[in-house]
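Enquirer: could you work out the structure for the sequence below:
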Amino acid sequence: MTTHTSIEQHPDLAEMRSRFERATTTPRAQAMETLALLTGLYLAASPWIAGFNGLTTLAVCNLITGIAYAVCLGGFGSAYERTHAMAWAACAIGVWTIVSPWVVSGNVDTTRSVVNNVIVGCVALLLGLAMAAMHRGSTGRARGRGH
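Expert: Here you go, the predicted structure:
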């Protein structure tokens, strides 16, 4: 008779969770999560802050993508093992934010909207890449130790 142990008890899984927990408790990870949350909130509110809320299609686009960005990376520090793949979604949102003034329908590529979206999109993209690299760096260090 064969007894199956739960995957939750597997030593590799326990080590991986421990590594993820160590990665998210660093000041760097917590700062990136905070910056990502602020970036998402700013992106959502940017049409009203930067003064292009009259461009309705871009304002709605920024509102939706800003909320999505904040939600994607809001739980990064508390549930890293379940959310580290969201960093790539954040990168896609950053790229979309950069190109959206030219892609969204209507004449929305004003100086304010372009400058705002390019800067916020670059920040969002860089934060997403940094969060994705944090996961890659932690697995690379584990391999270097012979695990």
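Enquirer: following the lowest-mean-pLDDT helix or strand in the chain, which helix or strand comes up?
Expert: Sorted by mean pLDDT, DSSP states H and E, the helices and strands of the chain end with helix 80-83, the least confident at a mean of 55. Later in the chain than helix 80-83, the nearest helix or strand by DSSP states H and E is helix 86-103.
Enquirer: packing partners for that next one?
Expert: Applying 3 or more CB pairs under 8 Å, 6 or more residues apart in numbering; DSSP states H and E, one finds that helix 86-103 contacts helix 56-74, helix 111-144. (Glycine included, C-beta is placed from N, CA and C.)
Enquirer: how big is the angle separating the first one from helix 86-103?
Expert: Calculated by axes from the mean of the first three to the mean of the last three CA atoms, to 10 degrees, helix 56-74 forms an angle of 170 degrees with helix 86-103.
Enquirer: what lies in contact with helix 56-74?
Expert: Helix 56-74 is contacted from outside by 33, 36-37, 39-48, 52-53, 83, 86-87, 89-90, 93-94, 96-97, 100-101, 104-106, 108, 113, 117, 124, 127-128, 131, using CB atoms under 8 Å, 6 or more residues apart in numbering.
Enquirer: check those residues for burial and list the buried ones.
Expert: Among the contacts of helix 56-74, those that count as buried by neighbour count (16 or more other CB atoms under 10 Å) are 33, 36-37, 39-40, 42-44, 46-47, 52-53, 83, 86-87, 89-90, 93-94, 96-97, 100-101, 104, 108, 113, 117, 124, 127-128, 131.
Enquirer: any stretches of this structure with poor pLDDT?
Expert: Along the chain, the model assigns pLDDT under 70 to residues 1-25, 75-84, 135-147.
Enquirer: hmm, 50 instead?
Expert: Applying pLDDT under 50 to the chain flags the ranges 139-147.
Enquirer: now what about the helix or strand containing Leu37, what contacts it?
Expert: Remark: Leu37 resides in helix 27-50, with elements defined by DSSP H and E. By CB under 8 Å, 6+ apart, the residues outside helix 27-50 that reach it are 23-24, 53, 55, 58-59, 62-63, 65-74, 76-77, 80, 90, 97, 112-113, 116-117, 120, 123-124, 127-128, 130-131, 134.
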